[in-house]
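Chemist: return atomic coordinates for the entry below.
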Amino acid sequence: MTEASIRWTVIVSRDTDMAVRTHLAQRGMKKGDLSRFIEDAVRRRVFEQTVADVKSRHRDVDPATLEEDIENALREVRAERFGDPPLQP
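Modeler: So this is what the prediction gives:
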């Protein structure tokens, strides 16, 4: 955890608590690892939902067009960050 950590108070079912603590214990993790486990799980879930939202918004876009747009955006970002000249396909 970083210095800018925020304390959450969450309520979970007894079954969920036991399942998570058993899972952590089987992997040799300690009680303090619960926060890291929860943060990782939350980050993954937010990422999954973000990906699902983006896919939903672009479901009517031609895959080739979408791929080309992504490649163009990557070229621009790389040029900004690394000073690489954008290559034309």
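
Chemist: list the contacts of the longest helix along the chain.
Modeler: Across the chain, the longest stretch assigned as helix under DSSP state H is helix 33-57. Applying CB atoms under 8 Å, 6 or more residues apart in numbering, the contact partners of helix 33-57 are 1, 10, 20, 21, 24, 29. Backbone N, C-alpha and C define where each C-beta goes, glycine included.

Chemist: again, 10 Å this time
Modeler: Helix 33-57 is contacted by residues 1, 5, 7-8, 10, 12, 17, 20-21, 23-25, 27, 29 when judged by CB atoms under 10 Å, 6 or more residues apart in numbering.

Chemist: quick one: the residue nearest the centre of the chain from residue 41, how far?
Modeler: By CA atoms, centre = their mean, the chain has its centre lying nearest to residue 47, at 3.5 Å. To residue 41, residue 47 is 11 Å away according to CB to CB, to the nearest Å.

Chemist: let's verify residue 28: helix, strand, or coil?
Modeler: At residue 28 the chain is in coil, as set by DSSP: H, G, I helix; E, B strand; the rest coil.

Chemist: next one: phi and psi at it?
Modeler: Phi and psi for residue 28, reported as degrees, to the nearest 10, are phi 70, psi 20.

Chemist: neighbours of it, just the number please.
Modeler: When neighbours are defined as other CB atoms under 10 Å, residue 28 has 7 of them.

Chemist: now the one 3 residues further on
Modeler: By the criterion of other CB under 10 Å, residue 31 has 9 neighbours.

Chemist: what residue ranges in the protein score low on pLDDT?
Modeler: The chain contains residues with pLDDT under 70 at 1-2, 84-89.

Chemist: mind redoing it with 90?
Modeler: 1-5, 29-32, 58, 66, 82-89 (pLDDT under 90).

Chemist: report how many residues lie close to residue 79.
Modeler: Using other CB under 10 Å, residue 79 has 13 neighbouring residues.

Chemist: go on, residue 6?
Modeler: Here the count is done by other CB under 10 Å, and residue 6 has 5 residues near it.
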